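In: make a model of this:
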Amino acid sequence: MRVKAVIAYDGSLYQGFQRQKSTDNTVATALEKALRELQIDSPVTGSGRTDRGVHATGQVIHFDLPPFWHDLAKLQTVLNRKLSAIRFKHLSRVPDSFHARFSAQKRTYRYLFKTERVSVFERNYCAHYDTFDAEILRKALSSFQGEHDFSSFHKTGSQIHTTVREIYHTDYRQRGAYHFLYFTANGFLRSQVRMMVEAAMQCARKELSLEALEVLIGGRGEGFQKLAPPQGLYLAHIGYPSMPLN
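Out: Here you go, the predicted model:
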């Protein structure tokens, strides 16, 4: 039986989501270890990677259960007892054809920062940026919307067929001392969101012109290299089509 799970995790404690040869301290490795302890010998597939220090409130994974595991409510309870920095929010049965990554239609990231000093209790979960122009920030964010060649906004090192992605929606909101940026797209390249955040904030602080940003978004120029701090980034939501069971 294939299972879809919505999970949240504290990325500050891991070297990223994807399993790695150089370390066992990844979210995927921790999940697979917990599953093996329950006699569930299945790889875990995520909707996408998150970098070291990046969090998730709505990451989606899938894995396959042996026949003797049929009580999903019990499985969720047991897994949450085993894992302290990863939380299973929801488990559901899905068709065997479901794939956490390839079945996804939309992905939403949220970025959190303050212009005030970040407290010692927030430093792993909230970024800091100096005072900025909110109106320019909104204009910079809107420039990303639409289908573009984002070759200037990604890290190399992963196999991809195209650097074209469609950004469906961007947004900026403020709640008290906290500032939130939102990006929803059909997919993102490696580190693309962190690069877009940093570029937008450079515009908002008048370190980069909106015209120069437009050039980068068009896939022209030398590319954008700087990344926003990872601790402010959260994988918030993954959207899928309806999946009726057979």
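In: from now on I want contacts and neighbour counts done on CA atoms only, so please keep to that.
Out: OK.
In: next secondary structure element downstream of the longest strand along the chain?
Out: In the chain, assigned by DSSP state E, the strand with the most residues is strand 164-175. Going down the chain from strand 164-175, the next helix or strand is strand 178-185, by DSSP states H and E.
In: returning to what we had before: got the buried residues for the longest strand of the chain?
Out: Buried residues in strand 164-175, counted by 16 or more other Cα atoms under 10 Å: R165, E166, I167, Y168, T170, Y172.
In: pretty sure the second one contacts E147?
Out: Yes: using Cα atoms under 8 Å, E166 is in contact with E147, at 4.0 Å.
In: how near is the residue of the chain positioned farthest from its centre to V3?
Out: Distance from the C-alpha centroid of the chain peaks at F68, with 32.6 Å (Cα atoms, centre = their mean). Here the criterion is Cα to Cα, to the nearest Å. By it, F68 lies 14 Å from V3.
In: mean confidence for stretch 148-165?
Out: If you average the pLDDT over stretch 148-165, you get 84.
In: what's the span of that stretch, first residue to last?
Out: Length of stretch 148-165, first residue to last, Cα to Cα: 6 Å.
In: now tell me what touches it from outside.
Out: 147, 166, 185-192, 195-196, 216-225 (Cα atoms under 8 Å, 6 or more residues apart in numbering).
In: can you tell me which of those end up in strands?
Out: Among the contacts of stretch 148-165, the members falling in strands (DSSP E) are E147, E166, A185.
In: now, which of these sits nearest Q20?
Out: In terms of Cα to Cα, no member of these lies closer to Q20 than A185, at 26.4 Å.
In: dump the residue contacts of that closest one.
Out: K106, R107, T108, R165, E166, I167, Y168, H169.
In: show me the two of the residues you listed that sit farthest apart.
Out: It's T108 and R165 that sit farthest apart of these, by Cα to Cα, at 13.4 Å.
In: helices of this structure, residue ranges please.
Out: In the chain, the helices defined using DSSP state H lie at 27-36, 72-82, 134-143, 192-204, 210-217.
In: mind giving me the packing neighbours of the third one?
Out: Going back to what we said before, that points to helix 134-143. Contacts defined by 3 or more Cα pairs under 8 Å, 6 or more residues apart in numbering; DSSP states H and E place helix 134-143 against strand 164-175, helix 192-204, helix 210-217.
In: comparing the ones you listed by mean pLDDT, which bottoms out?
Out: helix 210-217 (a mean of 94).
In: contacts for it, please.
Out: Helix 210-217 is contacted from outside by 139-140, 143-144, 148-150, 152-153, 199, 203, 221, 223-224, using Cα under 8 Å, 6+ apart.
In: out of those, which are buried?
Out: Buried by 16+ other Cα under 10 Å: A140, S143, F144, H148, D149, F150, S152, F153, A199, C203, G223, F224, out of the contacts of helix 210-217.
In: what about the closest residue to the first one other than its chain neighbours, how many residues nearby?
Out: Nearest residue to A140 in three dimensions, chain neighbours excluded: A200, at 5.3 Å (Cα to Cα, 6 or more residues apart in numbering). Applying the criterion other Cα atoms under 10 Å, we find 28 residues in the vicinity of A200.
In: ok, now which ones touch A200?
Out: Contacts of A200 (Cα under 8 Å, 6+ apart): L137, A140, L141.
In: and with 10 Å instead?
Out: The contact partners of A200, by Cα atoms under 10 Å, 6 or more residues apart in numbering, come to 136-144, 181, 194, 206-210, 213, 228.
In: distance of it relative to Q18?
Out: Separation of A200 from Q18 (Cα to Cα) stands at 27 Å.
In: shaky segments in this protein?
Out: 157-159, 221, 243-246 (pLDDT under 70).
In: swap in 50 and give it another go.
Out: By pLDDT under 50, the chain has no low-scoring segment.
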